[in-house]
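> coords please:
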Amino acid sequence: MAYRMIKTEGDPILKKKSRTVTEFDERLWTLLDDMKTTLYKAEGVGLAAVQVGVLKRVVVIDVEDDHGFMELVNPEIIESKGVQKESEGCLSFPDKSGVTERPMYVKVKAQDRNGKFFEVDGEGLLGRCFCHEIDHLDGISFVQRLAPGERVHLSKD
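Okay, the predicted model is just below:
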């Protein structure tokens, strides 16, 4: 498992749409393993493959809840309800945050590393993380999802 460099704001790949995964093989497994290593080293809660320069519909998430570490291949939101307005940041936009408006509850259909379909749901932070990472797969960043009247804030050290 290797650490991969995270693409940051201004890199054109972050605006591209990722491709559906059709091959569930060792290359995918290596990508997933590397993404896990990268996520934990960067101390994030979610990471999309595009953020490490790979245009595949692959996401890893760990919001440190009962779900634990999750791998989602070809994820899609199939249900959502409610609204939450919370501060959000991103590994690809270091030192920036902003209040976004996301669903409170989200149900996602995805495949595991072997291609088996499953569904998972989440509320609060997990629901927001699902939305955030799936947006990355469509070339959308959190700054495009700011709540009305909100703006990006810079972290102060």
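> can you pull up the most central residue in the chain?
With distances taken as C-alpha atoms, centre = their mean, residue 133 lies nearest the centre of the chain, 2.1 Å away.
> so that one, which of the three states?
Taking DSSP: H, G, I helix; E, B strand; the rest coil as the rule, one finds residue 133 in the helix state.
> before we move on, what about residue 128?
Counting by three-state DSSP, the backbone at residue 128 sits in helix.
> would you confirm that it contacts residue 99?
No. Using C-beta atoms under 8 Å, residue 128 is not in contact with residue 99; the gap is 11.3 Å. Any C-beta I mention is one placed from the backbone N, CA and C, and that applies to glycine too.
> could I get the phi/psi values of residue 92?
phi -80, psi -10 (degrees, to the nearest 10).
> so it touches residue 13, yeah?
No. Counting by C-beta under 8 Å, residue 92 stays clear of residue 13, with 9.8 Å between them.
> look at stretch 109-119 and report the distance between its end residues.
Start-to-end span of stretch 109-119 (C-alpha to C-alpha, to the nearest Å) is 4 Å.
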